[in-house]
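Peer 1: requesting a structural model of the entry that follows:
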Amino acid sequence: MLVRRGHFENTSGVNAIKLGGPASYGSYAVSKRMEKIDQTLDLRGMRVLVAQRAESVCGIDLHMPHLHAFREAIPRVQGSAEHLPFARESFDAVTMIEVLEHTHCDTKVLAECFRVLKPGGLLVLFVPNKFYPFESHPCRLGTFSLGRNVPLVSWLPESLRRRICYARIYTRRGLFAMARKSGFQIQKSGFIFPPLDSFPLPFKDTYRRIAARLEDSPLGNFGVSIYAVLAKPAHLVQTVLREPNDGRFESETFDVLGVRAHAVQIGQVVERMKGWIRERDGCHSIAATSMHGIVEAQHDPSFKEILNSTDLVVPDGMPLVWLGRHQGHLLRRRVYGPDLLLAFCEESVKKGYRHFFYGGEPGVAERLGASLKARFPELNVVGTCSPPFRQLSAKEDEEMIGMIGRAAPDVLWVGLGAPKQERWMHEHKGRLRVPVLVGVGAAFDMLSGRRKQAPRPIREHGLEWFFRLLQEPRRLWRRYLVYGSQFIAYLLVESLRLKNFQASGSRMPKRTPGRQARA
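Peer 2: Residues are numbered from 1 along each chain as shown. Model (predicted):
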C-alpha cells in the first residue's frame, strides 16, 4: 500500500505468485497489525481503514481478482513490487503486511520502496520471524501437504527449509542489514505474537492482553512476526568514509543502558578524526567504551552525562558490538583502542599529524612513543607525559595544560583508564587547543610492551576479559567478575521493563580538575 500525506489505508499488498492471498477483512490478525502501525507512528485518533482521512491512497497487487476484492473506493494498480509503476519520490509512506517474503526478489522490492518514497518517508513492514517455533506458512514434502504451524521447520537451515516451505523467513539482524544496503535508516522495530484466531480456544481476550505485554519482553524474540519502521533519510549525505567536508558527522547510534553509542568502525573514526583536524572548529573527544564504562555510568549519573556529551562513544568491547548488532547495526568488529591508535598513526604518517601521549604508569607514555616511532619512523611525536598517581594541584594542572599547549598536538591520546580518562577529557576540553582527544585506556600498556595483548581470535570472540584477568587478577577481578555480572543483570532488568536506564537529567556536580590515575 502506498500513501501520500502521511495517512494509511489497508490493502492486500503485493502477493506471492505461488503462495498467499489477501487476509480477510475484519480479522484480528489484520487489525492488530494496523493498530501496531498506529502505535508505532503515533497516529492517535486515526482509524487507518478510513480512506477519506488521506488525501491520496493507492493499493497495488499482482493479481487482478485481489484488486477487485478491495472494499474501499481507492485507486488500485496491478503491478509487481519489484517494478513499482510510480515516479520517484511519489509517496510519503509505504506499508507491506506479510508481503516481502512472497516476492521474487526482496532486495529489489526494498530498493523500489526507497525510490518511490519522498525524503523522510517511511516504510512500515511485517515479515515472518525465523525464531518463531512454528512455520506459519503452508508446508509440503513434494506433493504431500503438511499444513500450517508445523513445529521447528522455521529453525531448519535455509537450504533445507526452502524444500518444505516456499516463503522466505527473516531474522531482525538480516532484515536490517538488507534495509541498510537499500539506504534506509532503522527507526523502530519489534515483534508481535500470533493471534490464534483459527483455534477455538477459551479466554482468547485474556490471551491477547497477556501477549501484548509479552511482546515487549525477551519472549518477544519468539513472536510470529517482526515489524519494522524504516525511514528514507530526509537529507541524503555522504558518509564519513567519503569526504566529510561539511563539518558534520552523520552516524547512527544505539542505546546501551541509557548511554548513546555510535555504530561506527575504525575506518570511520579515523576519517572523522582527520576531518576534525582539518576543520579545527574546536576540541572534540572520543571515548572507546566497553562494558566497564557502561556499568560505571549506572553507578554515577554524572559519568553517564559525560559519556552522552562526548562527540564519539565507540564500542571498544564485544558486548557492545553484540548489542549493536542486535539492534540492527552492521558492526563487524569492535573499535579496539590499540587498533584505533595504530590505524591513525599509519594514516598520520602521510599527513604529518602531531601526536601527544598523556597517561600510564611512570615512563609508559615515553616507551609508547618510542615503540610507535620504531614502527612508524616518520611519526611526529611532539610530547609524552605520565602524570603522578595522585590528584594534581591547580598549579600543576595549569602547568600540564601549558605544556600540552606549547607542543601543539593535533591528537592528544589519553590513557588514564575508564572512567578517569573520560572525566579528564570532559573537564579539560574547554581549555585545550587540541582538535582531537582520544581516550584509549589500556592501549598505552599494550603498545608500549608493558602488558601482553590477547591473540586476535580471543579478542574478536569476546574472551579478552579472561586473558587480562589472568594477567592482573588483583586489579581486574572486580571489573570483570562483579561489573560483568551487573551488566548482564542490568540488561535483563531493562528487557523486562523493570527499570528505566535512560540518561539522567540531573545536573553534574563540579569536580576538582586534575585528578589522575593509571590505566
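Peer 1: just the element for Asp255, please.
Peer 2: Under the criterion of DSSP states H and E, Asp255 resides in strand 253-256.
Peer 1: so in that sheet, which strands flank the top strand by length along the chain, and in what orientation?
Peer 2: As assigned by DSSP state E, the longest strand anywhere in the chain is strand 117-128. Strand 117-128 pairs in its sheet with strand 91-97 (parallel), strand 225-231 (antiparallel), by DSSP bridges.
Peer 1: to Ile458, which of those lies closest?
Peer 2: strand 225-231 (33.2 Å; CB to CB). Just so you know, the C-beta spots here come from the backbone N, C-alpha and C atoms, and that holds for glycine as well.
Peer 1: and the helices in the stretch 351-500 of the chain, which stretches?
Peer 2: Along the stretch 351-500 of the chain, counting by DSSP state H, counting those that start in this stretch, helices occupy 364-375, 394-407, 420-428, 443-448, 456-460, 464-471, 473-477, 483-495.
Peer 1: make CSV from those and add distance to Ala228, mean pLDDT and mean neighbour count to it.
Peer 2: Listed next are the helices of the stretch 351-500 of the chain as CSV, based on distance: least, CB to CB, whole Å; pLDDT from 0 to 100; neighbours: other CB atoms under 10 Å:
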stretch, distance to Ala228, mean pLDDT, mean neighbour count
helix 364-375, 45, 96, 18
helix 394-407, 47, 94, 14
helix 420-428, 34, 96, 23
helix 443-448, 37, 95, 26
helix 456-460, 28, 89, 14
helix 464-471, 33, 93, 16
helix 473-477, 40, 93, 11
helix 483-495, 19, 92, 15
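Peer 1: dump the ones you listed to TSV, plus distance to Leu84.
Peer 2: Rendered in TSV, the data for the helices of the stretch 351-500 of the chain read as follows (distance: least, CB to CB, whole Å):
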stretch	distance to Leu84
helix 364-375	54
helix 394-407	58
helix 420-428	48
helix 443-448	50
helix 456-460	41
helix 464-471	48
helix 473-477	56
helix 483-495	38
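Peer 1: contacts for stretch 156-165, please.
Peer 2: The contact list for stretch 156-165 (CB atoms under 8 Å, 6 or more residues apart in numbering) reads 135, 137-141, 146, 150, 153-154, 169.
Peer 1: quick one: buried ones out of those?
Peer 2: Buried by 16 or more other CB atoms under 10 Å: 135, 137-139, 150, 153-154, 169, out of the contacts of stretch 156-165.
Peer 1: among the helices of the stretch 351-500 of the chain, which comes closest to Ala87?
Peer 2: Among the helices of the stretch 351-500 of the chain, helix 483-495 comes nearest to Ala87, with 43.4 Å by CB to CB.
Peer 1: the closest one packs against which elements?
Peer 2: Counting contacts by 3 or more CB pairs under 8 Å, 6 or more residues apart in numbering; DSSP states H and E, helix 483-495 packs against helix 291-299.
Peer 1: now the helix or strand immediately after the helix it packs on in the chain: mean pLDDT?
Peer 2: Under the assignment DSSP H and E, the closest C-terminal helix or strand after helix 291-299 is helix 301-309. Averaged across helix 301-309, the pLDDT comes to 95.
Peer 1: quick revisit: can you tell me which of the strands paired with strand 117-128 has the worst average pLDDT?
Peer 2: Looking at the strands paired with strand 117-128, the bottom one is strand 91-97 with a mean of 84.
Peer 1: export only the CA atoms of it, formatted as PDB.
Peer 2: In PDB, the C-alpha atoms belonging to strand 91-97 read as follows (Å, rounded to 0.1, in the frame of the first residue of the first chain):
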ATOM      1  CA  PHE A  91       4.700   8.800  -1.700                       C
ATOM      2  CA  ASP A  92       5.000   9.700   2.000                       C
ATOM      3  CA  ALA A  93       4.600   6.100   3.200                       C
ATOM      4  CA  VAL A  94       4.600   2.500   2.000                       C
ATOM      5  CA  THR A  95       3.300  -0.400   4.100                       C
ATOM      6  CA  MET A  96       3.700  -4.100   3.500                       C
ATOM      7  CA  ILE A  97       2.000  -6.600   5.800                       C
END
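Peer 1: list the buried ones in it?
Peer 2: 91-97.
Peer 1: can you lay out those residues as CSV showing distance to Thr310?
Peer 2: Converted to CSV, the buried residues of strand 91-97 look like this (distance: CB to CB, whole Å):
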residue, distance to Thr310
Phe91, 38
Asp92, 36
Ala93, 35
Val94, 37
Thr95, 38
Met96, 38
Ile97, 41
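Peer 1: roughly how far out does stretch 149-156 sit from the chain middle?
Peer 2: 29 Å (CA atoms, centre = their mean, to the nearest Å).
Peer 1: to clarify, my last question referred to stretch 417-426.
Peer 2: 24 Å.
Peer 1: just the C-alphas of the longest strand of the chain, formatted as CSV.
Peer 2: In CSV, the C-alpha atoms belonging to strand 117-128 read as follows (Å, rounded to 0.1, in the frame of the first residue of the first chain):
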residue,chain,number,x,y,z
LEU,A,117,9.4,7.4,-1.1
LYS,A,118,9.9,11.1,-0.6
PRO,A,119,12.9,12.1,1.6
GLY,A,120,11.8,11.5,5.2
GLY,A,121,9.2,9.0,4.0
LEU,A,122,8.5,5.8,5.9
LEU,A,123,8.3,2.1,5.0
VAL,A,124,6.4,0.0,7.5
LEU,A,125,6.6,-3.7,7.1
PHE,A,126,5.8,-7.0,8.8
VAL,A,127,7.7,-10.2,7.9
PRO,A,128,7.8,-13.7,9.4
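Peer 1: I'd say Arg88 and Leu117 touch.
Peer 2: No: applying CB atoms under 8 Å as the test, Arg88 and Leu117 come out as separate, 9.1 Å apart.
Peer 1: and these two? which has more neighbours close in?
Peer 2: Neighbour totals were compared for Arg88 and Leu117, and Leu117 leads with 24 against 9 (other CB atoms under 10 Å).
Peer 1: can you tell me the closest non-neighbouring residue to the more buried one?
Peer 2: Nearest non-adjacent residue to Leu117, counting by CB to CB, 6 or more residues apart in numbering: Lys232, 4.5 Å away.
Peer 1: what is the burial count for that neighbour?
Peer 2: A count of nearby residues for Lys232, using other CB under 10 Å, gives 22.
Peer 1: need the pLDDT of Pro22.
Peer 2: On the pLDDT scale, Pro22 gets 52.
Peer 1: got it, and Ile74?
Peer 2: 61.
Peer 1: could you number the chain from 530 rather than 1 from now on?
Peer 2: Got it, the first residue is 530 from now on, which makes the last one we talked about Ile603.
Peer 1: buried residues in the strand holding Asp784, which are they?
Peer 2: Per 16+ other CB under 10 Å, strand 782-785 contains these buried residues: 782-783, 785.
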